[in-house]
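after the sequence you'll find the predicted model.
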Amino acid sequence: MEEENVLSNARVVRDVAEELIGIIEGVKSMGEIRGTQKKECQNLIRRLRQCLPLMEELRDLDAHIPEVCISCLRKLKKAFILAKKLLKTCHAGSKIYLILEADAMVTRFHSVYDKLNHAMDGFPYKEIGISEEVNEQVELMCMQLKKAKQRMDSQDMELTTDMRAVLAADSDRIMECDSIKKLANRLSLNSLDELRIETVAIRKLVKERRGQNAEGTQKIIDLLDRFKRFAGIEQVNVLDDPVPCNRSLQKCTSIAIPFDFLCPITLEIMRDPVIIATGQTYERESIQQWLDSNRRTCPKTGLPLPHTALAPNVALRNLIIQWCKTNNYQIPKKTPPPPPKKAHSEKVITLIQNLSSSQLQVQRKAVTKIRMLSRECTETRDLIAEKGGIPPLVRLLSYPDSKIQEHAVTALLNLSIDDAIKKQVSKEGPIPAIIEILQNGTVGAKENSAATLFSLSMLDENKVLIGSSNGIPPLVNLLTEGTIRGKKDAATALFNLTLSQSNKAKAIEAGAIKPLLKIIENDQLDMVDEALSVLLLLLEHPDGRKELGQLSFVETLVKFMKEGTPKNKECAAAVLLKLCTNNNNLMVIALQYGVYEHVSEISQYGTKRGKKKAMAILQLMSKRGQIPSYNNVR
């Protein structure tokens with residue numbers, strides 16, 4: 001009986017070891033991680049591979065196997081299964097989900113490490129005769145697991161910050177396009193193939209959640225829609241039709257339409273295929289819409305287009321016609337085309353005329369519609385400006401109706417995104433009226449007025465004009481009393497305005513420093529970088545250096561250099577450098593708060609700008625004899 005138990009235990013160990021070897025081989029061949037958490041995935045895979053020699057020895061072991069060994073192996077199997085599931089999520093999961101849930105993902109990695117460590121820690125290596133070499137490898141891995149810190153990769157942190165900024169953006173503003181573009185490029189969610197894969201991953205996620213965390217799921221779907229809009233891809237409901245596919249296929253699933261017959265943009269069968277400069281073929285209407293949106297790249301390859309000429313693909317069109325006849329397939333009826341440009345132009349002219357109507361309701365309806373049209377596309381904004389829409393919008397800024405004021409200032413905000421129109425808006429002298437709305441308008445009007453001042457202040461002459469027109473005090477008030485979005489709009493506008501030397505004193509005199517310091521202390525606002533960027537500019541003024549040269553502020557900067565995001569650390573290092581360049585006492589205080597260790601870490605692992613600022617601080621310390629030698633820093 002005892003011999004049977006020994007054989008049974010040996011068989012169990014062999015079988016479990018084989019399973020674990022299979023898992024290790026599986027994760028080794030998993031391929032490149034398409035999303036984020038790459039660094040953590042690589043670390044986890046490396047640690048699993050370190051277990052391979054142990055598993056191979058256990059598989060071939062003939063010695064007596066105690067029950068404790070089997071118990072540890074079973075715990076190890078559970079840890080391996082969790083690790084495999086986690087790696088699979090990172091490999092094939094939604095990129096959007098992985099970034100939004102970055103904190104939770106870090107926790108999941110740490111949980112796997114804990115389970116691995118717990119299983120390995122009680123293993124009876126000596127009792128079962130594991131070789132000394134393998135034993136040393138396992139001990140080393142256990143030591144690494146115990147030291148593993150629960151932290152997010154700096155690039156993932158920046159992506160999370162960027163994505164939260166996009167989520168917080170007002171969909172009524174076209175100013176957010178740059179943020180979406182930047183995020184889409186960083187996540188590689190700007191091509192048809194990548195968006196198709198992402199859509200599949202999100203549908204799977206929705207099924208797994210089964211209605212739980214509906215708000216979070218909707219955020220993910222909304223972001224996917226924004227990326228699709230930016231890429232010029234037709235949107236579909238991800239819950240109903242998550243994989244972009246030909247609608248006619250859903251109606252007649254028995255017919256498999258050749259993939260080459262589908263337009264890469266809409267994935268619908270082509271009626272009028274045309275060839276573009278890169279040699280790719282698209283439906284004429286779809287690629288024309290793409291080109292009309294000022295895009296000059298191939299949607300499929302991303303290559304720049306040397307010209308925008310479209311050549312009919314007669315051979316493919318004939319093949320499609322022949323295939324349809326052979327398979328008795330009827331191409332779905334074409335949806336009605338959009339109104340011709342002339343009709344659109346006439347509509348805009350009528351709306352502009354109605355802006356000067358003597359009837360309040362007519363004016364309100366017209367300015368609301370102009371606001372909506374102004375965010376559509378560059379062509380529509382050009383049309384509004386070309387047909388004389390700017391002067392009546394500026395006049396409406398002073399109209400005694402709060403809703404009309406809000407619509408007018410928002411329309412001007414959208415129009416001013418384009419540099420040429422920005423100059424046209426500025427010529428109409430809207431700044432005093434915008435400042436008046438900033439002081440006395442509705443909450444939404446104040447926020448959009450601040451954003452408009454930011455947009456107009458891109459022109460240097462407007463920076464001075466806004467400052468001299470007493471536009472800074474109401475921005476400081478919004479910074480103090482506004483909503484989160486209002487505070488962000490005010491901080492952004494103040495940053496741009498204080499690039500002008502004359503406005504620095506005005507901002508300090510208006511009391512900008514106190515609310516900026518409060519914003520830094522408020523974790524809920526997530527505005528540390530914006531506030532520190534404005535403070536950095538105010539430090540260029542003597543009064544700013546005097547007001548900010550407090551012990552508590554130095555301690556706050558050191559805290560961010562220790563615990564903040566990579567961007568927080570970069571901004572805090574830049575501010576500390578500026579603060580201490582002319583004040584040796586503040587550098588001594590920073591050293592007492594332990595800044596040396598943190599600045600050394602930033603100099604090695606920080607962002608590009610963060611490294612530069614940290615190196616400059618270390619050089620400053622060395623020059624003043626506050627560290628032995630800069631050359632000794634590693």
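Happy to help now that I have it. The structure displayed is predicted, hence computed values, not measured ones.

starting at the chain centroid, how far to stretch 300-312?
Relative to the chain's own centre, stretch 300-312 is displaced by 29 Å; criterion: Cα atoms, centre = their mean, to the nearest Å.

residue 129 reaches residue 58, doesn't it?
No: Residue 129 is beyond contact range of residue 58, at 10.4 Å (criterion: Cβ atoms under 8 Å). Bear in mind the C-beta positions are built from the backbone N, C-alpha and C, glycine included.

these two: which is more packed in?
residue 58 (24 against 12; other Cβ atoms under 10 Å).

shouldn't that one be within a helix?
Yes: assessed with DSSP: H, G, I helix; E, B strand; the rest coil, residue 58 lies in a helix.

tell me how far it lies from residue 144.
Counting by Cβ to Cβ, to the nearest Å, the gap from residue 58 to residue 144 is 21 Å.

cool, residue 106 as well?
17 Å.

higher neighbour count, these two?
Comparing residue 106 with residue 144 by other Cβ under 10 Å, the one with more neighbours is residue 106, at 18 against 15.

poorly predicted segments of the stretch 501-634 of the chain, please.
For the stretch 501-634 of the chain, the stretches with pLDDT under 70 are 626-634.

80 - rerun?
523-526, 624-634 (pLDDT under 80).

do the same with the stretch 101-250 of the chain
Within the stretch 101-250 of the chain, the stretches with pLDDT under 80 are 102-103, 121-130, 132, 135-187, 190-193, 206-219, 221-223, 225-250.

if we use 50, what do you get?
Scanning the stretch 101-250 of the chain for pLDDT under 50 picks out the ranges 174-175, 234-235, 240-250.

ok, now the stretch 251-400 of the chain?
251-254, 337, 340.

which residue ranges of it form helices?
284-292, 314-326, 341-354, 360-373, 378-386, 390-396 (DSSP state H, counting those that start in this stretch).

nearest to residue 204, out of the ones you listed?
Closest of the helices of the stretch 251-400 of the chain to residue 204 is helix 284-292, at 27.7 Å (criterion: Cβ to Cβ).

the closest one versus helix 378-386: what angle between them?
60 degrees (axes from the mean of the first three to the mean of the last three Cα atoms, to 10 degrees).

can I get helix 284-292 in CSV? Just the C-alpha atoms.
Only the C-alpha atoms of helix 284-292 are listed here, as CSV (Å, rounded to 0.1, in the frame of the first residue of the first chain):
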residue,chain,number,x,y,z
ARG,A,284,-15.0,56.2,-54.6
GLU,A,285,-17.4,57.9,-52.2
SER,A,286,-15.6,56.6,-49.1
ILE,A,287,-12.1,57.6,-50.2
GLN,A,288,-13.4,61.0,-51.5
GLN,A,289,-14.8,61.7,-48.0
TRP,A,290,-11.5,60.8,-46.5
LEU,A,291,-9.6,63.2,-48.8
ASP,A,292,-12.2,65.9,-48.3
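
list the buried residues for that helix?
Buried residues in helix 284-292, counting neighbours by 16 or more other Cβ atoms under 10 Å, are found at 284, 285, 286, 287, 289, 290, 291.

which one is the first one nearest to, not counting chain neighbours?
Setting aside the residues directly before and after it, residue 284 is nearest to residue 272 in space (Cβ to Cβ, 6 or more residues apart in numbering), at 4.3 Å.

what about that neighbour, neighbour count?
16.

what does it show for phi and psi?
Main-chain torsions, residue 272, degrees, to the nearest 10: phi -130, psi 70.

wait, it touches residue 317, no?
Yes: assessed by Cβ under 8 Å, residue 272 is found in contact with residue 317 at 7.1 Å.

residue 473 is in contact with residue 507, isn't it?
No: Residue 473 is not in contact with residue 507 according to Cβ under 8 Å; the separation is 9.1 Å.

who has more neighbours out of those two?
Set residue 473 next to residue 507 and count neighbours by other Cβ under 10 Å: residue 507 wins out with 26 against 17.

kindly export the strand or helix carrying residue 41 (C-alpha atoms) in PDB.
Element membership of residue 41 [criterion: DSSP states H and E] is helix 38-50. Extracted C-alpha coordinates of helix 38-50, given in PDB (Å, rounded to 0.1, in the frame of the first residue of the first chain):
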ATOM      1  CA  LYS A  38       4.800  45.200 -21.600                       C
ATOM      2  CA  LYS A  39       7.500  45.600 -19.000                       C
ATOM      3  CA  GLU A  40       5.500  43.700 -16.400                       C
ATOM      4  CA  CYS A  41       4.600  41.000 -18.900                       C
ATOM      5  CA  GLN A  42       8.300  40.500 -19.800                       C
ATOM      6  CA  ASN A  43       9.200  40.300 -16.100                       C
ATOM      7  CA  LEU A  44       6.400  37.700 -15.400                       C
ATOM      8  CA  ILE A  45       7.400  35.500 -18.400                       C
ATOM      9  CA  ARG A  46      11.000  35.600 -17.300                       C
ATOM     10  CA  ARG A  47      10.100  34.500 -13.800                       C
ATOM     11  CA  LEU A  48       7.900  31.600 -15.100                       C
ATOM     12  CA  ARG A  49      10.800  30.500 -17.400                       C
ATOM     13  CA  GLN A  50      13.100  30.500 -14.300                       C
END
